[in-house]
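Asks: quick one: sequence and predicted model below, then my questions.
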Number of protein chains: 2
Amino acid sequence: MAQAVQASIGDSEFDRDTAVTLRAPGVHEARLSAGWTIFGAVNGGYLLALTGRALSGTLPHPDPFTVSAHYLSASRPGPAVIRTETVRTGRTLSTGQASLVQYEEDGTEVERIRVLATHGDLDGLAPEVRTSARPPAIPPYERCPGPADAPVSLPGGAEIMDRLAVRLDPATAGWVLGAPSGRGEMRGWFGLADGRDPDPLALLLAVDALPPTSFDLGLKGWTPTVELTVHIRCRPAPGPLRVAISTRNLAGGFLEEDAEIWDSADRLVAQSRQLAKAPL
Amino acid sequence: MAQAVQASIGDSEFDRDTAVTLRAPGVHEARLSAGWTIFGAVNGGYLLALTGRALSGTLPHPDPFTVSAHYLSASRPGPAVIRTETVRTGRTLSTGQASLVQYEEDGTEVERIRVLATHGDLDGLAPEVRTSARPPAIPPYERCPGPADAPVSLPGGAEIMDRLAVRLDPATAGWVLGAPSGRGEMRGWFGLADGRDPDPLALLLAVDALPPTSFDLGLKGWTPTVELTVHIRCRPAPGPLRVAISTRNLAGGFLEEDAEIWDSADRLVAQSRQLAKAPL
């Protein structure tokens, strides 16, 4: 993932596109960039990063520890307002709420997502790790196919793929050639295309950036997120991330997606689970 | 779990203790029963069932599909007020918010938990199941030890245990005798002691009713929940439930607990994950 000019945290396209401007107490203006859309829909992880920025500016603790978002309607590129509320402040943790809204042409306000988040300070955590979890066995980056290796371009446009350095584990990429594994798994490398290193906000993006596990189950079409909760467990080390997502239960028209994110130091830096509607 | 007189859904202690009374639009009065406490602290799943009752009376859809709760302060037995808000109503799903508060002696309001929940109609789900998940291998109910088999009574009182029919898998009960497995697992049978069959509200209780996985990691003491999200995937069949909880990552003073609940028809009826503070 070498870049001619490597972007840095705070000075990258991701940082510029998640900028929020405080207009009044608890009222933040944002602009949803078309650069983080897939088939015209704004990515759900990008929305979490935006509300995360607004909450980091609201709460006394900087880092999202656990973020729960309920997705209400499909966001569109363009202006948005994020309202934040401080729910509770404590010594080591504080909890806030955020609501991202957009406006119809006639001025009608439409809420897109509502978020509860508990923040803390990742740098204040004790260093001890006691875990049974092991990183996923993903082949080296160079041996994993990226978008340029696909036999055909994605129709309709997937702007977000130009901004990500995603490489899929070949074991979970069979669906590209019409041969899904049927196991409901998706694994791969994740980075930002401009080389910006990961931080907690980028982890909020990364949990929802791989293709849906439903593709590996042989299903096609859209899997809209109903609810997504992320736990950030550790500040990620510089370098590419490994993401492993699995679905155990596709039933009744819904499926869950469980994601783990590992950093270059082999630490489990984030866990997430979402409930999504299965493709029809 | 045969009972002399079996309670039924709608007419049981659990139903009476989760009753809410609408006092004004969006304002529900409740009384937190001392019967669902452990060492004086009100159980977090019981609180979820209470807010679930209030939201079922608020939203146009009856059943919780996905519920995200952030725990703000420790609840006490006694009066409480649950405020609800309808966030969005759709054809098949609706989203609401609930806030459970209690009052100090001087009248100060203290918020206990804040909840986002998306409801639907479990009876309207398509019957198809496509899943790789298998029920946990738990020995038959009769061969799993219950509270009466413990070598010593729990000091300080665990009122909730009188109202539950919980039997632990012997493989995850070694900590009772000072020999935890170290794997971070907790499995067992779950029912209500009066024989009331499970429903979605009882599933909200069941995800947080077993001893913490930290006991199986050899830790003692309290693991307060920071955030808990539950997905209800199916209306449970009558009869006892099997609950399997695991922790993959205890790090930096926090741990996650992942729970799956299976019903007597071998269906995965609920999945949950919580972030909790590890014992010091």
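Replies: Arrived safely, thanks for sending.
Asks: use CA for all of it now, contacts and neighbours both
Replies: Noted.
Asks: most centrally placed residue in chain A?
Replies: Computing the C-alpha centroid of chain A and ranking residues by Cα atoms, centre = their mean puts A:L205 first, at 2.4 Å.
Asks: quickly find the element holding that residue.
Replies: Element membership of A:L205 [criterion: DSSP states H and E] is helix A:200-206.
Asks: just checking, what packs against that helix?
Replies: Under the contact definition 3 or more Cα pairs under 8 Å, 6 or more residues apart in numbering or on different chains; DSSP states H and E, helix A:200-206 sits against helix A:44-56, strand A:225-232.
Asks: still on that earlier bit, skip the chain neighbours and tell me the closest residue to the residue nearest to the centre of chain A.
Replies: A:G45 (4.0 Å; Cα to Cα, 6 or more residues apart in numbering or on different chains).
Asks: so who does the one you found touch?
Replies: By Cα atoms under 8 Å, 6 or more residues apart in numbering or on different chains, the residues touching A:G45 are A:204-209.
Asks: switch the cut-off to 10 Å
Replies: For A:G45, the residues meeting the contact criterion (Cα atoms under 10 Å, 6 or more residues apart in numbering or on different chains) are A:36, A:51, A:69, A:201-209, A:228, A:230.
Asks: what of A:A80?
Replies: A:20, A:28-32, A:100-103, A:109-112.
Asks: and the residues you listed as TSV, adding pLDDT, distance to chain B and neighbour count?
Replies: What follows is the contacts of A:A80, written out as TSV (pLDDT from 0 to 100; distance: Cα to the nearest Cα, whole Å; neighbours: other Cα atoms under 10 Å in any protein chain shown):
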residue	pLDDT	distance to chain B	neighbour count
A:V20	98	23	21
A:H28	98	20	23
A:E29	98	21	18
A:A30	98	21	22
A:R31	98	23	19
A:L32	98	21	23
A:L100	98	12	26
A:V101	98	12	20
A:Q102	98	14	22
A:Y103	97	15	14
A:E109	97	12	13
A:V110	98	9	17
A:E111	98	8	21
A:R112	98	10	20
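Asks: which residues of the stretch 1-150 of chain A lie near chain B?
Replies: Where proximity means Cα under 10 Å from any Cα of the partner chain, the interface of the stretch 1-150 of chain A facing chain B comprises A:65-73, A:87-90, A:93-97, A:110-118, A:122-134.
Asks: can you do 7 Å?
Replies: Remark: the part of the stretch 1-150 of chain A in contact with chain B comprises A:68, A:72, A:88, A:125-133, using Cα under 7 Å from any Cα of the partner chain.
Asks: select only the buried ones of the residues you listed in ChimeraX?
Replies: Burial among those is assessed by 16 or more other Cα atoms under 10 Å in any protein chain shown; the matching ChimeraX selection reads:
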select /A:68,72,88,125,131
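Asks: which ones among the residues of the stretch 1-150 of chain A next to chain B map onto strands?
Replies: Secondary structure of these is defined by DSSP state E; positions in strands are A:68, A:88, A:129-131.
Asks: about what we covered before: show me which of the residues of the stretch 1-150 of chain A next to chain B has the smallest pLDDT value.
Replies: Lowest pLDDT within the residues of the stretch 1-150 of chain A next to chain B is found at A:S132 (72).
Asks: leaving out chain neighbours, which residue sits closest to A:L217?
Replies: Using Cα to Cα, 6+ apart and skipping the chain neighbours, the partner closest in space to A:L217 is A:G182 (4.2 Å).
Asks: hey, where'd the helices end up in chain A?
Replies: A:13-17, A:44-56, A:200-206, A:213-216 (DSSP state H).
Asks: can you list these in TSV and add mean pLDDT?
Replies: Conversion of these to TSV gives the following (pLDDT from 0 to 100):
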stretch	mean pLDDT
helix A:13-17	97
helix A:44-56	98
helix A:200-206	98
helix A:213-216	95
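Asks: who touches the helix holding A:L205?
Replies: Residues outside helix A:200-206 that contact it (Cα atoms under 7 Å, 6 or more residues apart in numbering or on different chains) are A:45-46, A:48-49, A:52, A:63, A:190, A:232, A:235, A:270.
Asks: so which of these wins on neighbours?
Replies: Neighbour counts for the contacts of helix A:200-206 were taken using other Cα atoms under 10 Å in any protein chain shown; the highest belongs to A:L48, which has 29 neighbours.
Asks: name the nearest residue to that one, ignoring sequence neighbours.
Replies: Looking at A:L48 with Cα to Cα, 6+ apart, the closest residue is A:L204, at 6.0 Å.
Asks: ok, now how distant is the closest residue to A:T92 other than its chain neighbours from chain B?
Replies: Sequence neighbours aside, A:G120 is the residue nearest to A:T92 in space, at 5.9 Å (criterion: Cα to Cα, 6+ apart). Applying Cα to the nearest Cα, to the nearest Å, the value for A:G120 to chain B is 11 Å.
Asks: ok, A:G120 - contacts?
Replies: Counting by Cα under 7 Å, 6+ apart, A:G120 touches A:61-65, A:92-94.
Asks: domain-wise, how is chain A divided?
Replies: Domain assignment for chain A by automatic domain parsing gives A:13-122, A:147-277.
Asks: just give me the lowest mean pLDDT stretch among those.
Replies: Note on these: lowest mean pLDDT is at domain A:147-277, with a mean of 93.
Asks: gap between the two ends of that domain?
Replies: The straight-line separation of the ends of domain A:147-277 (Cα to Cα, to the nearest Å) is 25 Å.
Asks: would you list the domains of chain A in TSV and tack on distance to B:P145?
Replies: Shown next, in TSV, are the domains of chain A (distance: least, Cα to Cα, whole Å):
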stretch	distance to B:P145
domain A:13-122	35
domain A:147-277	29
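Asks: perfect, that will be all.
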